[in-house]
Structures are given as C-alpha cells and as structure tokens.
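Engineer: just to be clear, the model below is a prediction. Sequence and coordinates:
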Amino acid sequence: MAAVQKLLDVSPDQLIQRAIDMRPMIAAQADETERNRQVAQEIIDHVRNGDFFRIYLPKKFGGLEFDSATATRISLEWSSADVSTGWVCGLGIVHQWLVAQFPADTHEEVWGDNPSPMICGSYAPAGEMKEVEGGYSLTGEYHFSSGVDVSNWAILGVFFPPREDGALPIPGFTIVPKSDFEIDDNWHVMGLTGTGSKTVVCQDLFIPAHRRVTFSELVSGNSPGYQDLQNNLYRYPILSLVAYAISTPAVGALNGAIDVFLDSMNGRKTRGAVVLGGSKVRDFQAVQMRVGRAVANLKAAKAMLFSQIEESRSAVMDRGEILDVGGRLDNRLTQAKTVELAVDGLDELFGAVGGHGIHTSQHVQRAWRDAHAIAHHISFNWDALSSMYGQHLLGVEPQGQY
C-alpha cells in the first residue's frame, strides 16, 4: 500500500519534467541505440523506475490512470532526443492500457508479480489459433515487434476461431510471455533502426482462454477490462489512443531536429567559393526560410495534436461518451496529418544541413530518416486516411481501420 501511495503522489507535471530530464541521456545514447538496433536496457530501467509505465496502469495495481495528454507530452520529449527511443518507450507506456482491456485474469497474470513490465506488440492479425481444451494453440510469425529484445511480454494480433461453423475468424489480440517465443533478428532498415522491431516466432504455444480480447470489443467502449475496472480511461476506442504512441514520435523528430539545427548555427560558416565561402550560414535567406517553414509545421502539428487529444479526453473522460465514427476518424486524421506535417518540416530543415549534415553521427539526418520511416507505417498513409475522412463526410462508409 505504501508503494501505491507513493505513485499516487506523482503528478503529470512531475512525470513530464522527469521525461525532460532524461533527454540528455537518451541523446547521448542515440548513436549506440542505432548501432545496436535496440534501446538499451538501461533506458528501459529508467522508464520503469521513473513511474512512466504506470501512467495507464489501473490503480488497483499501483497505477496512476492519467490522461493521454500526459503520455503524449512525454513521448514528444523522448522522441525529440531520439525517435527510436520515444517510439519504443511510448509503446511500453500505452501497452499497459491495452493489457487493461483484457479480462481480469490476464491483469493478474501480467501485473501480479511485476506491475511495471515492458510490453511490445505486433498488431496485424496473423498466424493460426486452434481451439484446444482450456484455450488455444498458437503458431505464427509476428512482424514489427518494436522493443521485443527488452520486453517481458508481447501482445500479438491473431484470428480467433469462429464461434459457429462457416463464420469468419474473429480478429483480436492475445498476449504471451517472452519465455514462450523466439525472436527472428531481421530488423535491418533505413529508419527507426533503434526500435529493434524484429519478428516474434510462436510454435504450438498454449494460450489460456482468458488471454483474449477482440477488435470489436476494443472499439465498443465496453471491453472485458473496462467491465472490471469501471474507469472511463479504458473506454477509448483503441486507435483513438494507442496510435498516438507511434504518430507523436514524428512530431518529436521535428521538434528535436529544430533544436539541434538552431544550436548548430552558432558561428557556423560556409566552405568553398561556390556559396560565398566564409559567410555565416544563418545570414542566407534560403536557410532562414527553411527554418521558418519547419517551425510553422511544428506549431501546426502540436496545435492539431493537443487540441484533438483534449477534445477526445473531454468527451470520453469527462462526459463518459463513447466516441462515434466521426470522433474516431478525427483522431485518425490528426495522427496522419501530424506525421505529414512533421515529415514536410524535416524535409525543409534537412535541405539546409549542408554536406556535414549527411554524416550518420548527425542528429538531423537521423530524425529525417526516422520520420520518413514513420510515414511509411500503414496507419499513417495520408492518401488512405484523408480518403476515409472524406468518405465519412460524403456519406460513404469509410474503408479502413478507425
């Protein structure tokens, strides 16, 4: 009980300040994170010890049950220092919320002995789930499992067997401990390299029946976990909360790149006669314009991000509403548009880094690569998301996930 009281004394502002205080450490390890293709255990331990994994954790397990704006601001800070770290640790935070959607027996299993586990995930339903006595047997490969090397559990997208003959399989999630699966070390990519988003391999794993939640339950506002916990925090539709953990790092990428770029302008001069060698870079109007456009994109992205988060928080947390299709699509549009704004802002900034800026040790080029990698995530395809939103406004059923 004393530990629970200690956690309840932590405020959102204190957690955000702790995240800011971690930025120098995260930035100092960014090169190593990329070389190793995974976030260091040391950083995960700092996140755990700093109470961050308890942001969405139910109070009955010593959690804080804070709002999504707190988690988003923390993700923004970490991602400003290193996008891969912000991505992995932000998912580690929000996956506590996702575990909370499962039945109560799963809560006890995951959090009973360790209320701050690191949890990775692979969302796309895959593999084969066969019904067996007491649960299921699972075989399959699950890609893009960010942070799997430093995780205790993995949430996996699966197809549960249909309830009736001839019916379609039921998409949803299960969760498995790290001791039950293998890791295929196949993460060799141009961006988000440090996320270590490798493949989870399962072979004839027994899955107890209680480790089950369906997609339909996750958008209903009445998941098995909500029925047990009875807190409006757990009534969000899944993508209206979880997807911010992987869209916000793009905004953080732009935020951190602007900071580093402006710091680098102190005394920096051009080289060579082609561009007036020896001139101060900050005096070139082209550089000034690129900085101005990058910052404008950052301001627009932040304003859109936090205004939408507050709109949804007010509806779900304060008024106890279940977001309708329009509310859910508002969040999906915001996630995709803020990623696009971040990428466009980084394109502006990267155009001004010069020859020195292409070295792999330079922060801006890594942020540029990471943000472009985020933009390739299927969840943030701007053509698809803007089309979905237009379909809704035009009275056509939206085609896609929301």
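Structural biologist: Yep, it's here. Small disclaimer: the values here were computed from a predicted structure and weren't measured.
Engineer: by mean pLDDT, flag the weakest helix or strand of this structure.
Structural biologist: None of the helices or strands of the chain scores lower by mean pLDDT, DSSP states H and E than helix 2-8, at a mean of 47.
Engineer: which SSE is Arg211 in?
Structural biologist: Counting by DSSP states H and E, no helix or strand carries Arg211.
Engineer: surely it meets Ala104?
Structural biologist: No: counting by Cβ atoms under 8 Å, Ala104 is not a contact partner of Arg211; they are 11.8 Å apart. C-betas here are computed from N, CA, C, even on glycine.
Engineer: how about the next helix or strand along the chain from the least confident helix or strand of the chain: buried residues?
Structural biologist: Moving toward the C-terminus from helix 2-8, the next helix or strand (DSSP H and E) is helix 12-28. Under the neighbour-count criterion of 16 or more other Cβ atoms under 10 Å, helix 12-28 has 12, 15-16, 18-19, 22-23, 26-27 buried.
Engineer: compile those residues into a markdown table and extend it with columns for distance to Lys178 and pLDDT.
Structural biologist: As requested, those are arranged in a markdown table below (distance: Cβ to Cβ, whole Å; pLDDT from 0 to 100):
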| residue | distance to Lys178 | pLDDT |
| --- | --- | --- |
| Pro12 | 30 | 97 |
| Leu15 | 26 | 98 |
| Ile16 | 30 | 98 |
| Arg18 | 26 | 98 |
| Ala19 | 26 | 98 |
| Met22 | 25 | 98 |
| Arg23 | 29 | 98 |
| Ile26 | 24 | 98 |
| Ala27 | 28 | 98 |
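Engineer: which residues of the chain fall in strands?
Structural biologist: Along the chain, counting by DSSP state E, strands occupy 119-122, 128-132, 135-145, 153-160, 170-177, 182-184, 198-208, 213-214.
Engineer: and Val353, which of those strands is closest to it?
Structural biologist: strand 135-145 (29.1 Å; Cβ to Cβ).
Engineer: what packs against the closest one?
Structural biologist: Using 3 or more Cβ pairs under 8 Å, 6 or more residues apart in numbering; DSSP states H and E as the contact test, the elements touching strand 135-145 are strand 119-122, strand 128-132, strand 153-160, strand 170-177, strand 198-208.
Engineer: make it 6 Å
Structural biologist: Where contact means 3 or more Cβ pairs under 6 Å, 6 or more residues apart in numbering; DSSP states H and E, strand 135-145 is packed against strand 119-122, strand 128-132, strand 198-208.
Engineer: adjacent strands (with direction) for the second one?
Structural biologist: What that stands for is strand 128-132. Based on DSSP bridges, the strands next to strand 128-132 in the sheet, each with its direction, are strand 135-145 (antiparallel).
Engineer: cool, and the last one?
Structural biologist: The strands that strand 198-208 pairs with in its sheet are strand 135-145 (antiparallel), strand 182-184 (antiparallel) (by DSSP bridges).
Engineer: list of residues touching it?
Structural biologist: Outside of strand 198-208, the residues within contact range by Cβ atoms under 6 Å, 6 or more residues apart in numbering are 122, 135-143, 145, 148, 154, 174, 180-187.
Engineer: now Gly326: how far from His392?
Structural biologist: Counting by Cβ to Cβ, to the nearest Å, the separation of Gly326 from His392 is 7 Å.
Engineer: what do you get for Gly221?
Structural biologist: Here the criterion is Cβ to Cβ. By it, Gly221 lies 19 Å from His392.
Engineer: same check on Gly351?
Structural biologist: Going from Gly351 to His392 by Cβ to Cβ gives 36 Å.
Engineer: so between the two, which is more surrounded?
Structural biologist: Shown here are Gly351 and His392; by other Cβ atoms under 10 Å, His392 has more neighbours (18 against 15).
Engineer: now the residue lying closest to the more buried one once chain neighbours are set aside, what are its backbone angles?
Structural biologist: Distances taken as Cβ to Cβ, 6 or more residues apart in numbering place Pro398 nearest to His392, at 5.0 Å, with adjacent residues excluded. Backbone torsions for Pro398, taken as degrees, to the nearest 10, come to phi -60, psi 140.
Engineer: contact partners for Pro398?
Structural biologist: Under the criterion of Cβ under 6 Å, 6+ apart, the contact partners of Pro398 comprise 388, 391-392.
Engineer: 8 Å - rerun?
Structural biologist: Applying Cβ atoms under 8 Å, 6 or more residues apart in numbering to Pro398 gives the contacts 325, 329, 388-389, 391-392.
Engineer: and Arg211 and Ala104? which has more neighbours close in?
Structural biologist: More crowded of Arg211 and Ala104, by other Cβ under 10 Å: Arg211, with 22 against 16.
Engineer: these two touch, right, Thr174 and Ala209?
Structural biologist: No: in this structure, Thr174 sits apart from Ala209 without contact. The criterion is Cβ under 8 Å, and the distance is 10.1 Å.
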